[in-house]
Structures are given as C-alpha cells and as structure tokens.
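J.: Give me coordinates for this.
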Amino acid sequence: MNIAQYLDSTYLKTPAQSGLSNEETLQINKDLAQVAIDSNIFAVMIRPDYVSEIKKYIQERNSNVVVGTVIGFHEGTHSIDEKLTEALKAIEDGADELDFVINYQAYLKGDLELVKKEFVTCTELCLKHDKIVKWIIEIAALTDSEIADLTKNISNWAEENFSDRVANIFVKSSTGFYETADGKPNGATFEGIKIMLDHAGRLPVKAAGGVRTPEDAEKMVNLGVKRIGTSSALALIKNQSASEGY
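T.: Reported below is the predicted structural model:
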C-alpha cells in the first residue's frame, strides 16, 4: 500500500508551545514541506500563520503537495465570525484545505442550531473557493453515542445543503491537543473511527492522532478512512513506528 497518498504530515505547535522562535518554527514548517515533496506525501497540515510562506515554498519547487491549515484551533469555541475571518485569510494566503474544529462544546450543551449554522456557513465559504473542508469533532471529548450523533448530523447537514459536493467535506476525529484523563487516547482509535465511518454517510473520514505504526495506518485505510493526520509521516512511510501521539 502506498500510504504516503493518504497522509497529512502535520506540525501544529505554536512557538509558545514549543519554546522556539517564530523563525525556528517557520524552518520546521519548511522542513516538513520538503520531506513531503521528497517523499510524495499528499499534504502538509500547518498553522494559519505559516500558510503563505509554505505555499510559496512548495510552488517554487514545482510540487503538487497540498497545503492544509486549521481553523478555530484547538478549542473550537471561536465565534462563527472569527472562524470565517480566519478561514478567509487562510484561503487568501493559499490554503488548499481547511480543517475546522467544530464547536463541540456547544453541541454538548445542546445548542445544535449554532453548530449547524457554523457548519453550513463555514462549509459554504470553503466550497465557494473550491477548497476541501474538514470538520474535527474531537472524539476524545465525546461518548460513543455522541460521536455517532454528531457525525450523523454533519452528514445530514452536508446532504441537505451541499449534496453535489459531499466528497469535499470530511469528518475528522481529533485535534491532537485535547487533554484526556488517566492516559486515555486523545486521538483516533479504531473503535471511534468505526463509529464515524458507520454514520458519515457519503462523507469521507480523516483519522488524526494515534496512528503510530504502518500497520495501524494500513488498518485505518482498510477500514475506510481517506486521510490520516500524523506528525510522524516519514516514519510511517519508512515502515517505522511513530514516537508521538499525533
């Protein structure tokens, strides 16, 4: 299996989180892009602040590596207007794909209308600009029944509003930054992904976090996921085990 074609090679730490300078962080992003170019990895997934530079870097090397970024990251509680503003800037900077953190906390409080409005409004913006949009539901924060219900709602909203574009609307498992108790997984699990796949309808599913070995990656693809988010893409394609969760 050519696992590289399924991978979103990911670096999402801010300089404050890593203790590095902005220049050092930019260099990490450039290195990530170069590895993706050299190894035919499908996409890089980076913070919005670095989209413009990395898009330029990839274009200068005549590569087709896709540039993805995250919106409303990582809490998902940003207002719809804030997410739209961040998304439009990322699109203008050259992002090909936008991974939004859905307001799962609003969902957990029962405010389904807000979550639906956010989904429809932000998805419409992305599709208008011919971008791929992915919705992170943060499965570690949800019960199995909530994973099923939220995934099903997203699928229904997509069918109701964008039935001819559903192939460009993903449901994604995790941010990789959610803090769990007692060492529980904070990313994709086979059980969680199976629930998502069972309720996503025609929407593709992205497994992010927790895919640590080539065997895990192949199993995820065989389950039916279309993309895998990982900070250890090179290790996976070299048939090595990853050292980090995302």
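J.: Please enumerate the strands of this protein.
T.: Assignment of strands within the chain using DSSP state E yields the ranges 7-11, 43-46, 66-71, 97-101, 132-136, 169-172, 205-208, 227-230.
J.: For these, give me TSV that also has mean pLDDT.
T.: As requested, those are exported to TSV (pLDDT from 0 to 100):
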stretch	mean pLDDT
strand 7-11	98
strand 43-46	98
strand 66-71	98
strand 97-101	98
strand 132-136	98
strand 169-172	98
strand 205-208	98
strand 227-230	97
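J.: mind checking how far stretch 219-239 is from the chain centre?
T.: The gap between where stretch 219-239 is centred and where its chain is centred comes out at 13 Å by CA atoms, centre = their mean, to the nearest Å.
J.: just to revisit the earlier point, of all the strands of the chain, which lies closest to V115?
T.: With CB to CB, the closest approach to V115 among the strands of the chain belongs to strand 132-136: 9.8 Å. Backbone N, C-alpha and C define where each C-beta goes, glycine included.
J.: which residues are in contact with that closest one?
T.: The contact list for strand 132-136 (CB atoms under 8 Å, 6 or more residues apart in numbering) reads 68, 70, 76, 96-102, 119, 122-123, 126-127, 154, 168-175, 206, 208, 227.
J.: try 6 Å this time
T.: Residues outside strand 132-136 that contact it (CB atoms under 6 Å, 6 or more residues apart in numbering): 97-102, 123, 126, 154, 168-172, 175, 206.
J.: ok, the spatially most central residue of the chain - contacts?
T.: Nearest to the geometric centre of the chain sits D99, at 4.6 Å (CA atoms, centre = their mean). Contacts for D99 (CB under 6 Å, 6+ apart) come out as 70, 134, 136.
J.: Pull the contacting residues for the nearest residue to V65 once chain neighbours are set aside.
T.: Nearest residue to V65 in three dimensions, chain neighbours excluded: A36, at 4.6 Å (CB to CB, 6 or more residues apart in numbering). By CB under 6 Å, 6+ apart, the contact list for A36 reads 9, 44, 65.
J.: Name the member of these with the most neighbours.
T.: V44 (32 neighbours; other CB atoms under 10 Å).
J.: What distance do you get for that one to E146?
T.: With the distance defined as CB to CB, to the nearest Å, V44 ends up 31 Å from E146.
J.: got it, and K184?
T.: 15 Å.
J.: Compare these two (neighbour count), which wins?
T.: Per other CB under 10 Å, whichever of K184 and E146 has more neighbours is E146, with 16 against 8.
J.: Now the two most distant members of the contacts of strand 132-136.
T.: By the measure CB to CB, N168 and T175 form the most distant pair in the contacts of strand 132-136, at 20.8 Å.
J.: The two: which has the busier surroundings?
T.: T175 (26 against 19).
J.: where does the protein dip in pLDDT?
T.: 242-246 (pLDDT under 70).
J.: Please name the residues that touch the closest residue to E82 other than its chain neighbours.
T.: Nearest non-adjacent residue to E82, counting by CB to CB, 6+ apart: G72, 7.2 Å away. By CB under 6 Å, 6+ apart, G72 lies in contact with 78, 83, 100-101.
J.: So which of those is surrounded by the most neighbours?
T.: Per-residue neighbour counts (other CB under 10 Å) across the contacts of G72 peak at V101, which has 26 neighbours.
J.: Tell me which residues touch it, please.
T.: V101 sits next to 72-73, 76, 136, 175 when contact means CB under 6 Å, 6+ apart.
J.: could you dump those to CSV with distance to G192?
T.: Converted to CSV, the contacts of V101 look like this (distance: CB to CB, whole Å):
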residue, distance to G192
G72, 21
F73, 20
G76, 17
I136, 13
T175, 14
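J.: What is the nearest of those residues to L114?
T.: Of the contacts of V101, the one sitting nearest to L114 (CB to CB) turns out to be G76, at 11.6 Å.
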